[in-house]
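Colleague: Attaching a predicted model along with its sequence, questions to come.
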Amino acid sequence: MNIAKSALALALASTARAFSPAARAFSSAATTSRGGAFSTGGGVSSSRKVISSSSVSTTALKASVSRLTEPAKDLLPGVDVFIFDCDGVIWRGDSVIEGIPETLEKLRALGKKMYFVTNNSTKSRAGYKKKFDSLGLDVPAEEIFSSSFAAAAYLEQTNFKESGKKVYVVGEVGIQEELDLIGVPHFGGPEDGGKAPDMGPGGMLEHDPDVGAVVVGFDRNINYYKIQYAQLCINENPGCEFIATNTDAVTHLTDAQEWAGNGSMVGAIKGCTGQEPTVVGKPSPLMIDYLCDKLGLDRARICMVGDRLDTDILFGSDNGLKSLLVLSGVTTEEKLLSQENTITPDFYADSIVDFFIDEK
């Protein structure tokens, strides 16, 4: 699927203009298919480069997975750009992970570029900027990308506004704020949180025939009304598109436990429509394509850092990047090293604080 490169360019242009809609879409070799699969005409090999070093401790099970032990030798010299997931990497819930502010400062001091890419759609880019600020993290707005932004950029790229149709939102304010920036009419979201359909004798829920897309993002107030409204639009409105910001199984609402993620909301809509969604969040390669094209970056010198194997690490390995899994989020060392796991990073560490483990 195409995420508008103009929107991405605008997000990177400057802090002052980071939250403005794009003027026009750019061309890309990337194409999309239902279910969130991505391919690039340029042909980035999905085979992961194997990094070997005698100084890296290795646990050999089904595959060789290297624990990062000497980052000053094995990681930092070969990486110019780090792309960080947020939940489980930078923070858990509303608590910053210990040592993160100092680690980011050290990386900037080394001249490393950083981008923060989250599949969580509950906030817009402006909302995430406020969260970074509240946690004492000095992150420029143009370094932040969210799946709510990706959903709006996808609609912009496909000229949805010109169709005259509306978007029904199953999700939170982040999606709505990003849709406002590109001038796409929408309804639903938090406003439908307290609604219930008439399910008495002869009861039915009327829906708007002008809905041309249903965007499903993480929704802490998901209810039967929203599910029914979404399925009516998708099943009964000709050409209505089903878009998912992500399909993450679990998420970090608090630092005490894992919570059901957007995969549960998307699954409910899939179950009653029989349709596969267009997924706009990771592991889409479009942001990588933009950064490499616009800034002349070398994929071999970019490292994706995340806590999820099936989104973050797959995002890295499928797009020719180095990848590093941190154990500070949803993936345990046991799962990573299990016989059943087929997705392996180049390295893994307890958290990104271990990037400077040599200094301890």
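Modeller: Done, it's in.
Colleague: Helices along the stretch 1-150 of the chain, start to end?
Modeller: 5-13, 71-74, 100-109, 125-134, 147-157 (DSSP state H, counting those that start in this stretch).
Colleague: Using TSV, lay out those together with mean neighbour count.
Modeller: From N, CA and C alone the C-beta is placed, and that goes for glycine too. Shown next, in TSV, are these (neighbours: other C-beta atoms under 10 Å):
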stretch	mean neighbour count
helix 5-13	20
helix 71-74	16
helix 100-109	15
helix 125-134	18
helix 147-157	29
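Colleague: Reformat those helices as a markdown table; add mean pLDDT.
Modeller: Shown next, in a markdown table, are the helices of the stretch 1-150 of the chain (pLDDT from 0 to 100):
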| stretch | mean pLDDT |
| --- | --- |
| helix 5-13 | 46 |
| helix 71-74 | 96 |
| helix 100-109 | 97 |
| helix 125-134 | 96 |
| helix 147-157 | 90 |
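Colleague: Can you check which of those gets nearest to residue 251?
Modeller: Residue 251 lies closest to helix 147-157 among the helices of the stretch 1-150 of the chain, at 11.7 Å (C-beta to C-beta).
Colleague: just checking, what packs against the closest one?
Modeller: helix 5-13, helix 173-181, strand 241-244 (3 or more C-beta pairs under 8 Å, 6 or more residues apart in numbering; DSSP states H and E).
Colleague: buried sites along the second one?
Modeller: Neighbour-count burial for helix 173-181 flags 173-179, 181 (criterion: 16 or more other C-beta atoms under 10 Å).
Colleague: and it, what does it pack onto?
Modeller: Applying 3+ C-beta pairs under 8 Å, 6+ apart, one finds that helix 173-181 contacts helix 125-134, helix 147-157, strand 166-170, strand 186-188.
Colleague: Can you measure across stretch 328-347, start residue to end residue?
Modeller: End-to-end span of stretch 328-347 (C-alpha to C-alpha, to the nearest Å): 14 Å.
Colleague: quick revisit: rebuild the helices and strands packed on helix 173-181 as TSV, extending it with distance to residue 237.
Modeller: Formatted as TSV, these follow (distance: least, C-beta to C-beta, whole Å):
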stretch	distance to residue 237
helix 125-134	29
helix 147-157	16
strand 166-170	9
strand 186-188	14
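Colleague: of all these, which lies closest to residue 272?
Modeller: Here strand 166-170 is closest among the helices and strands packed on helix 173-181 (C-beta to C-beta), at 12.2 Å.
Colleague: For the closest one, which outside residues touch it?
Modeller: The contact list for strand 166-170 (C-beta atoms under 8 Å, 6 or more residues apart in numbering) reads 155, 160, 175-176, 179, 184-189, 208, 210-217, 219, 222, 226-227, 229-230, 233, 265, 269.
Colleague: got it, and stretch 85-100?
Modeller: Residues from elsewhere that reach stretch 85-100, judged by C-beta under 8 Å, 6+ apart: 84, 116-120, 128, 131, 135-137, 251-256, 282, 305-308, 311-312, 326, 328-330, 351-353.
Colleague: did I read that right, residue 212 in a strand?
Modeller: Yes. Membership of residue 212 in a strand is supported by DSSP: H, G, I helix; E, B strand; the rest coil.
Colleague: Number of residues surrounding it?
Modeller: Residue 212 is flanked by 21 other residues according to other C-beta atoms under 10 Å.
Colleague: for the one 10 residues further on, same thing?
Modeller: The number of residues packed near residue 222 is 19, by other C-beta under 10 Å.
Colleague: Could you tell me the end-to-end distance of stretch 326-333?
Modeller: Taking C-alpha to C-alpha, stretch 326-333 runs 9 Å from one end to the other.
Colleague: Tell me the buried residues in it?
Modeller: Buried residues in stretch 326-333, defined by neighbour count with 16+ other C-beta under 10 Å: 326-331.
Colleague: Quick check: mean pLDDT of that stretch?
Modeller: Stretch 326-333 shows a mean pLDDT of 94.
Colleague: next one: that stretch to chain centre, how far?
Modeller: 17 Å (C-alpha atoms, centre = their mean, to the nearest Å).
Colleague: Kindly report the same for stretch 205-219.
Modeller: Stretch 205-219 has its C-alpha centroid displaced from the chain centroid by 22 Å (C-alpha atoms, centre = their mean).
Colleague: Show the average pLDDT along it.
Modeller: Average pLDDT, stretch 205-219: 98.
Colleague: how about the residue nearest the centre of the chain, phi and psi?
Modeller: In the chain, the residue lying closest to the centroid (C-alpha atoms, centre = their mean) is residue 119, at 2.6 Å. The phi and psi values for residue 119, taken as degrees, to the nearest 10, are phi -80, psi -10.
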